[in-house]
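**Q** What follows is a protein structure lacking sequence information:
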């Protein structure tokens with residue numbers, strides 16, 4: 001893993017603290033905040049995140065080139081651009097309406113190595129995004145020092161938002177692009 005376990009302590013620490021307190025995020029008692037706050041003071045390990053980001057950039061480009069070659073070999077169309085994601089059961093799925101959707105999904109189902117590469121890319125991208133989100137959260141939380149009510153509201157907001165990352169890769173004629181639904185699209 002490219003990011004240390006402590007650098008991604010939130011939101012897991014918040015959920016654990018709230019579970020120990022027996023409450024939902026919005027109803028967390030005051031004694032939960034110190035446990036959550038302790039996990040928030042650790043900044044993200046920027047060097048690990050940068051290394052993961054560099055690997056991700058290179059791997060997405062290499063993966064897209066390999067997938068493009070396989071698509072050409074199989075005679076699969078890439079218009080409209082196929083948008084790939086990892087389904088809840090771990091298989092690679094096409095989430096948009098493209099004419100060769102079923103053939104593309106069969107290609108991944110028949111090629112375990114290709115599927116494993118894609119899931120590794122997705123996991124790394126989600127980890128990098130979570131690390132970026134955590135650093136932004138830590139900065140916001142620390143800026144609210146002295147305002148326990150605002151910190152509690154921020155924790156509740158983050159707990160409600162966390163866990164919604166879902167990596168998507170779009171194979172465009174100009175190169176691969178990846179994004180997370182609800183998050184701005186980022187070109188790879």
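**A** Sure thing, it's come through. Note that the structure is predicted; figures quoted are calculated from it, not measured.
**Q** For this protein, just list every one of the strands.
**A** 83-86, 92-94, 168-172, 175-179, 186-187 (DSSP state E).
**Q** Who are the packing partners of the fourth one?
**A** Other helices and strands packing on strand 175-179, by 3 or more CB pairs under 8 Å, 6 or more residues apart in numbering; DSSP states H and E, are helix 46-74, strand 168-172, strand 186-187. Where C-beta positions appear, they are placed from N, C-alpha and C, glycine not excepted.
**Q** Lowest mean pLDDT across those, which one is that?
**A** Lowest mean pLDDT within the helices and strands packed on strand 175-179: strand 186-187, a mean of 40.
**Q** Residue ranges in this protein under the pLDDT threshold?
**A** Applying pLDDT under 70 to the chain flags the ranges 1-44, 159-165, 180-188.
**Q** re earlier: please identify the deepest-packed of the helices and strands packed on strand 175-179.
**A** Counting by mean count of other CB atoms under 10 Å, strand 168-172 has the highest mean neighbour count of these, with a mean of 20.
**Q** which residues are in contact with that strand?
**A** 60, 64, 67-68, 71, 78, 81-85, 95, 118, 121-122, 176-181, 185 (CB atoms under 8 Å, 6 or more residues apart in numbering).
**Q** rewinding a little: nearest to residue 158, of the helices and strands packed on strand 175-179?
**A** Residue 158 lies closest to helix 46-74 among the helices and strands packed on strand 175-179, at 18.5 Å (CB to CB).
**Q** Buried residues of the longest helix along the chain, list them for me.
**A** Secondary structure of the chain per DSSP state H: the longest helix is helix 112-143. For helix 112-143, the neighbour count (16 or more other CB atoms under 10 Å) marks 114-115, 117-118, 121-122, 124-125, 127-131, 133-135, 137-138, 141 as buried.
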